[in-house]
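# Sequence and predicted structure below; questions after.
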Amino acid sequence: MQQLDIFADSRDVMLRNDVLDALHRRHAIDARRAWQKLADGFPDDNTLAGLTTLIDELERDAATPFADHPALAATSAHLIDEVEPAALRQLGAAAGRTWMASCWRAAAQQTAALPFRADGRELHAAPLWLRAGDWKEARQAVGRIESWRRIPASLAWMAEAQYCLEGVESALPLLTELAWLSPRRLADLLSRLADAAIDTLRRKFDASFDGADQAVDLAWFPAWVLTEKPGLAPLLREAQPGSQTPPERAMRLLLQILSLERQGNQNELVERRKALRDLHAGLYAAYLKTR
């Protein structure tokens, strides 16, 4: 029986680890040299392609600003579709995410001079800073967008940055405005944030709210929340006025109703309750259940 040569059989592991060590240090020259040794000794190694992708990213010119939005789009797509999967696979989930943060940070810096485009595509520095986990940079980048609070994409970016920096209570007014402006974007954002308290309310809302479509119905979520958590009224009151859509008017009505209940003003209370019922019978029913 042929004896197993432990040292020979582990040589590929050592060579592979040399490449990974250089990648962790983000040293492109050392990584390329170590990769070549691995390729020479073990040309059929199944990690070679993925490691090449990561080394190519280290060697990419990350200092020159993007010339235009298509250049940013191409780089962003490459990072999402190829580099990130390779990093998670080769480096592991936690280390791969940390490694990718530097890539997104570099791309965000290259994007700094590109103006915001309101075409629905996330071709701006802010979402790149968010991917990098640099919340303050993301907030500053959004703040430089004119009328950012009236644009669904930039409002969502700011809400996410604010949530990550200061928590859900600080972000709640922005999340409220996003519900009115773009409930579908709010749905996407809430799924990423995965906040336990909001998710609990969201599940109850989806199960009990009498609406037409869950994604669109989310515009009514802030008003409905007041029926479940009236103590949040001071925070929701901080939401800036929007275009006075029915969901916004409903929340404003509920804020008035809660205030009138404390004051004991029955005449105006009856009037506001009737207005709420006329605006949305399902929301009015949800309010009555708590009374």
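That came through fine.
# Kindly list the main-chain dihedrals of the residue nearest to residue 72 when sequence neighbours are not counted?
Nearest in space to residue 72, with sequence neighbours left out and distances taken as CB to CB, 6 or more residues apart in numbering, is residue 66 at 4.6 Å. Yep, even glycine has a C-beta here, placed from its N, CA and C like the rest. Backbone geometry at residue 66, expressed as degrees, to the nearest 10, gives phi -60, psi 140.
# Relative to residue 162, how far out is residue 122?
18 Å (CB to CB, to the nearest Å).
# So between the two, which is more surrounded?
A direct count of neighbours by other CB atoms under 10 Å for residue 122 and residue 162 places residue 162 higher, at 21 against 16.
# Now do the phi/psi pair for the nearest residue to residue 130 once chain neighbours are set aside.
Leaving aside its sequence neighbours, residue 130 sits nearest to residue 138 (CB to CB, 6+ apart; 4.8 Å). Here is the backbone geometry of residue 138 (degrees, to the nearest 10): phi -60, psi -40.
# which regions of this protein sit below the pLDDT cut-off?
The chain contains residues with pLDDT under 70 at 1-9, 120, 214.
# mind redoing it with 80?
Counting by pLDDT under 80, the chain contains low-confidence ranges at 1-9, 120-121, 212-215, 264-265.
# which residues touch stretch 13-22?
Here stretch 13-22 makes contact (CB atoms under 8 Å, 6 or more residues apart in numbering) with 28, 30-31, 33-35, 37-38, 41-42, 45, 47, 51, 55, 90-91.
# Now the buried members of the residues you listed.
Using 16 or more other CB atoms under 10 Å as the burial test, those include 28, 30-31, 34-35, 38, 47, 51, 55, 90-91 as buried.
# from those, which single one is nearest residue 111?
Nearest to residue 111 out of these is residue 28 (CB to CB; 21.7 Å).
# The closest one contacts residue 55, doesn't it?
Yes. Between residue 28 and residue 55 there is a contact under CB atoms under 8 Å: 6.3 Å.
# hmm, back to that, from what I see, the residue nearest to residue 72 and residue 76 are in contact.
No. In this structure, residue 66 is not within contact of residue 76 by CB under 8 Å, at 9.7 Å.
# Looking at the buried ones among the contacts of stretch 13-22, which are in helices?
Within the buried ones among the contacts of stretch 13-22, residues falling in helices by DSSP state H are 28, 30-31, 34-35, 38, 51, 55, 90-91.
# With distance to residue 13 as extra columns, can I get those residues in JSON lines?
Formatted as JSON lines, those follow (distance: CB to CB, whole Å):
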{"residue": "28", "distance to residue 13": "22"}
{"residue": "30", "distance to residue 13": "18"}
{"residue": "31", "distance to residue 13": "17"}
{"residue": "34", "distance to residue 13": "13"}
{"residue": "35", "distance to residue 13": "15"}
{"residue": "38", "distance to residue 13": "10"}
{"residue": "51", "distance to residue 13": "14"}
{"residue": "55", "distance to residue 13": "19"}
{"residue": "90", "distance to residue 13": "14"}
{"residue": "91", "distance to residue 13": "15"}
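# Pull the contacting residues for residue 237.
Neighbouring residues of residue 237 by CB under 8 Å, 6+ apart: residue 255.
# how close does it sit to residue 255?
For residue 237, the distance to residue 255 - CB to CB - is 6 Å.
# Which stretches in the stretch 51-200 of the chain count as helices?
Assigned by DSSP state H, counting those that start in this stretch, the stretch 51-200 of the chain shows helices spanning 69-78, 84-91, 93-111, 125-132, 135-143, 152-166, 168-181, 183-193, 196-208.
# Let's have those helices in CSV, adding distance to residue 16.
Below are the helices of the stretch 51-200 of the chain laid out as CSV (distance: least, CB to CB, whole Å):
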stretch, distance to residue 16
helix 69-78, 24
helix 84-91, 9
helix 93-111, 15
helix 125-132, 27
helix 135-143, 34
helix 152-166, 35
helix 168-181, 43
helix 183-193, 33
helix 196-208, 39
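# most neighbours per residue, which of those?
Ranked by mean neighbour count, the helices of the stretch 51-200 of the chain are led by helix 125-132 with a mean of 25 (mean count of other CB atoms under 10 Å).
# What is that one packed up against?
Other helices and strands packing on helix 125-132, by 3 or more CB pairs under 8 Å, 6 or more residues apart in numbering; DSSP states H and E, are helix 93-111, helix 135-143, helix 152-166.
# Residue 60: which of those is closest?
Closest to residue 60 of the helices and strands packed on helix 125-132 is helix 93-111 (CB to CB; 8.4 Å).
# What angle do helix 135-143 and the closest one make with each other?
Here helix 93-111 runs at an angle of 30 degrees relative to helix 135-143 (axes from the mean of the first three to the mean of the last three CA atoms, to 10 degrees).
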